[in-house]
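Undergrad: following is a predicted model, sequence given first.
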Amino acid sequence: MIITETSANGIVIVALEGRLDALSAPKLRGSPPVADPKTAVVLDLEKVDFMDSSGLGAIVGAAREKGDPACGIVLSCMNNKVRRTFETTNAQRLFHIFDDTSAAVDFAATRQIART
Amino acid sequence: MIITETSANGIVIVALEGRLDALSAPKLRGSPPVADPKTAVVLDLEKVDFMDSSGLGAIVGAAREKGDPACGIVLSCMNNKVRRTFETTNAQRLFHIFDDTSAAVDFAATRQIART
Amino acid sequence: MSSIITLTLPGDPLFTEVARQTTTSVASLLTGENRSASDETQFIHDFELAISEAFTNSVKYAGEHDTPPTVTLTFEIEKRRLTVSLLDANSPFSIDTPAPDIESYPENGYGLWIIRKVMDCVTYRREGNSNIISMSKTL
Amino acid sequence: MSSIITLTLPGDPLFTEVARQTTTSVASLLTGENRSASDETQFIHDFELAISEAFTNSVKYAGEHDTPPTVTLTFEIEKRRLTVSLLDANSPFSIDTPAPDIESYPENGYGLWIIRKVMDCVTYRREGNSNIISMSKTL
Ligand SMILES: Nc1ncnc2c1ncn2[C@@H]1O[C@H](COP(=O)(O)OP(=O)(O)O)[C@@H](O)[C@H]1O
Ligand SMILES: Nc1ncnc2c1ncn2[C@@H]1O[C@H](COP(=O)(O)OP(=O)(O)O)[C@@H](O)[C@H]1O
């Protein structure tokens, strides 16, 4: 899996590419913006070819450790395969999910301002 | 494998898509323009994902039965995978090979006029 | 008559991708007979997901052994139905896990739940020192 | 230490694609360590081609039997080298086939020649009633 970090409007965007499974989940979990409880992150899932419960667990677990879980990790560009893993576990209920990354960034930025 | 037949300048273009192997070679071999010894054909190989010796044998065998083998089947748009199968057997020497289909059609049309 | 395929892999997460890709190519053999493309895609993907979960578990719970562990996958194709069984030499376990308590943001405990959700039928049996989990679905 | 994977398939051309895709995913495990992308692609493709030829032969020359024939592929990964062996129960044969006489536009007789051309090393042995052809190549 390739993890690319950029930022927009003061929000870190973490874009994932490839397979998010038991082999790669620890890499995501340990990436600084995901691991840091104080950083709000937009996770761009568009190029995730495959995600199983190890990948899901990494995202959910990282969110739990953020100050405000539902806004600490905001999801964008979920494809059908990724959506299936979220929906079979109801985990989509835990997140704000956007079809495009810029809408996700706008949302995360507004929330961050509201909190400060 | 999907076989699509069109024509241009009186030449039949047979475009292949998918895998050309032992399972699909008989289908190509039996397709009317390829099987008919009197029809000159441009074989567009761009979308062949995979070709082994069963596919190669079908093309070479069909060419042999054409009046003028080297002009009876003209090849276009060979990708690297297909090229490898031709080159390991030297079969590329038997054919006129073009990078684009319209050049292949022009060549085949000229040859056909020369013969009539 | 059914067709049987077996695949034996080292019990190492490096080989999960081989398990998934072989599963994908076997599941693809059932497609192409006038089903909708999206049903077919879902069928293939659900097997890819279930086998990824089951293989990951076999590797994760292998414990300590003298010989390196292996996992054997058996595929059985009967008309429109595919059954994939995984055999490992781990301790026995139960497949009747509870639904994940999602509101507590759990990091684990999703695997068997997902398998049961995306497959039509999941069974478990113990044979000698082996676990065999069988997952089947009809296209 | 080497890793071993085995895959047993019905001896039917329908399963050639499973043989090829499993081969592709196993060969991919050797890539990604600073080789050029085109060398890696060629390595994977050469195995896909060689295994397609060998599997097709195992199926084509299976002859008549009481039980449906099977073909077993064994993959051995040692650092940068992959060896794939195919085992079938056919009559013995020789892998030292002549180069195809291309000018006569032959329809057959390319398979073993291609295998020898695209692999580094090809061996044949007879074990009991089985043929084992082994093909290896280093990336
Ligand atoms: N192949 C296996 N071998 C041994 N134990 C297993 C196996 N698969 C599952 N288990 C047991 O079942 C439990 C539930 O598995 P699962 O639902 O996949 O969640 P998780 O692996 O995240 O705990 C595991 O914690 C483990 O104790
Ligand atoms: N797996 C096999 N079992 C039995 N005979 C085989 C096998 N593979 C190859 N052969 C023999 O070797 C010959 C050469 O094979 P090959 O080079 O692939 O060309 P072709 O199959 O087109 O004749 C075959 O004609 C066959 O007699």
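TA: Perfect, thanks for sending it. Ligands and ions are numbered 1, 2, ... in the order given.
Undergrad: residue contacts, the spatially most central residue of chain A?
TA: Nearest residue to the geometric centre of chain A (CA atoms, centre = their mean): A:Leu43, 3.2 Å. For A:Leu43, the contacting residues are A:14, A:16, A:34, A:59, A:73-76, by CB atoms under 8 Å, 6 or more residues apart in numbering or on different chains. Just so you know, the C-beta spots here come from the backbone N, C-alpha and C atoms, and that holds for glycine as well.
Undergrad: tell me where chain A has helices.
TA: A:25-30, A:32-35, A:53-64, A:69-72, A:80-88, A:101-115 (DSSP state H).
Undergrad: so for A:Ile116, what pLDDT did the model give?
TA: Quick fix: residue A:116 reads Thr, not Ile. Note on A:Thr116: pLDDT of 57.
Undergrad: rewinding a little: need the helices of chain A in JSON lines with distance to D:Thr74, can you?
TA: Output for the helices of chain A, formatted as JSON lines (distance: least, CB to CB, whole Å):
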{"stretch": "helix A:25-30", "distance to D:Thr74": "31"}
{"stretch": "helix A:32-35", "distance to D:Thr74": "41"}
{"stretch": "helix A:53-64", "distance to D:Thr74": "29"}
{"stretch": "helix A:69-72", "distance to D:Thr74": "48"}
{"stretch": "helix A:80-88", "distance to D:Thr74": "32"}
{"stretch": "helix A:101-115", "distance to D:Thr74": "46"}
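Undergrad: check those helices for me and report the most buried one.
TA: Mean neighbours per residue, mean count of other CB atoms under 10 Å in any protein chain shown, is largest over the helices of chain A for helix A:53-64, with a mean of 24.
Undergrad: look up the closest residue to the residue of chain C at minimum distance from ligand 2, ignoring the ones flanking it.
TA: Residue nearest to ligand 2 within chain C: C:Ile5 (18.9 Å; CB to the nearest ligand atom). What sits nearest to C:Ile5 in space, not counting adjacent residues and going by CB to CB, 6 or more residues apart in numbering or on different chains, is C:Phe75, at 4.2 Å.
Undergrad: so which bits of chain C are right by chain D?
TA: C:3-10, C:12, C:14-15, C:17-18, C:20-22, C:24-26, C:28-29 (CB under 8 Å from any CB of the partner chain).
Undergrad: still on that earlier bit, which of the helices of chain A sits closest to ligand 1?
TA: helix A:53-64 (6.5 Å).
Undergrad: what angle sits between that closest one and helix A:80-88?
TA: Angle, helix A:53-64 to helix A:80-88, by axes from the mean of the first three to the mean of the last three CA atoms, to 10 degrees: 70 degrees.
Undergrad: helices or strands next to helix A:53-64 in the packing?
TA: The elements that helix A:53-64 packs onto, with contact taken as 3 or more CB pairs under 8 Å, 6 or more residues apart in numbering or on different chains; DSSP states H and E, are strand A:11-20, helix A:25-30, helix A:69-72, strand A:73-76, helix A:80-88.
Undergrad: so which of these is nearest chain C?
TA: Closest approach to chain C among those (CB to the nearest CB): helix A:80-88, 4.2 Å.
Undergrad: the closest one - what's its average pLDDT?
TA: 96.
Undergrad: how about stretch C:74-93?
TA: On average, the pLDDT along stretch C:74-93 is 97.
Undergrad: what's the answer for stretch C:108-127, then?
TA: Regarding stretch C:108-127, the rounded mean pLDDT is 98.
Undergrad: list of residues touching that stretch?
TA: Counting by CB under 8 Å, 6+ apart, A:52-53, A:56-57, A:84-85, A:88-89, C:46, C:49-50, C:53-54, C:56-57, C:87, C:92-95, C:97-100, C:131-138 sit against stretch C:108-127.
Undergrad: many thanks, I have nothing further to ask.
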